[in-house]
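Student: need a structure here:
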Amino acid sequence: MKNIALPLLLLITFGNISCHKTAQIDPTLYPLKEYTLDLQQAKAWLPGKWKLTKESSILLNTTLPNVELVIDENQIRVVQDGIQIDKVDYALVKIDYQASSYLQINTNAQPREDNWYVRNPVLYINKDRMYFDLGRAQDLPAYEFNKTN
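Tutor: Numbers count the residues shown, from 1 in each chain. Sure thing, here's the model as predicted:
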């Protein structure tokens, strides 16, 4: 009985340690190393034209669509291949959660196949680039945009 108990205890201990280790989020996964958490600064940088430049997801070899977001103070227009395919209202909010804060774009986007970028993403933004995180830690996609104007 003692011969079985020790390996079983070690198996459970190492199993718990390895599960805990894989659940941690690596902050180096996010491409924007410099971004603002200041709500007013983000509101000043957000309006304009933004071109989709990168998708991060668990799906391999996905084709990057030709998408631009045209953002003003109240609405986001989704333009794909030069044609407007959606227009949503939005509000940029700062969310304080436990010991950290983040910015989120809350929209009234209805679930569809072609407007996934604008469904309440967490926002990382600087003057020239922004990153929408739809839940990358849970294997959902993230999108990077560059400002074109």
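Student: can you map out the strands along the chain?
Tutor: Assigned by DSSP state E, the chain shows strands spanning 48-56, 67-71, 75-80, 83-97, 100-107, 122-125, 129-133, 142-147.
Student: residues contacting the closest residue to D72 other than its chain neighbours?
Tutor: Distance criterion CB to CB, 6 or more residues apart in numbering; nearest residue to D72, sequence neighbours excluded, is P47 at 5.5 Å. Quick note: C-beta positions are derived from backbone N, CA and C, even for glycine. Counting by CB atoms under 8 Å, 6 or more residues apart in numbering, P47 touches I71, D72, E73.
Student: Can you pull out the low-pLDDT segments for the chain?
Tutor: 1-32, 59-61, 115, 136-139 (pLDDT under 70).
Student: Pick out the residue nearest the middle of it.
Tutor: D133 (0.4 Å; CA atoms, centre = their mean).
Student: Distance check, it against L37.
Tutor: Going from D133 to L37 by CB to CB, to the nearest Å gives 14 Å.
Student: now swap in T53 and tell me
Tutor: Taken as CB to CB, the span from T53 to L37 is 23 Å.
Student: Isn't E68 up against G48?
Tutor: No: using CB atoms under 8 Å, E68 is not in contact with G48, being 10.1 Å away.
Student: Which neighbours do the two have in common?
Tutor: Counting by CB under 8 Å, 6+ apart, the residues touching both E68 and G48 are T148.
Student: ok, these two, which is more surrounded?
Tutor: A count of neighbours by other CB atoms under 10 Å puts E68 above the other of E68 and G48, at 18 against 13.
Student: and that one, what does it touch?
Tutor: E68 sits in contact with K49, W50, K51, L52, V79, T148, where contact means CB under 8 Å, 6+ apart.
Student: got it, and N66?
Tutor: Neighbours of N66 in contact, by CB under 8 Å, 6+ apart: L52, Q80, D81, G82.
Student: Could you point out which of those is nearest to A109?
Tutor: Closest approach between these and A109, by CB to CB: Q80, at 14.2 Å.
Student: The closest one pairs with what?
Tutor: Beta-bridge partners of Q80, counted by DSSP bridges, are V67, I83.
Student: returning to what we had before: now the contacts of P47: which count as buried?
Tutor: I71 (16 or more other CB atoms under 10 Å).
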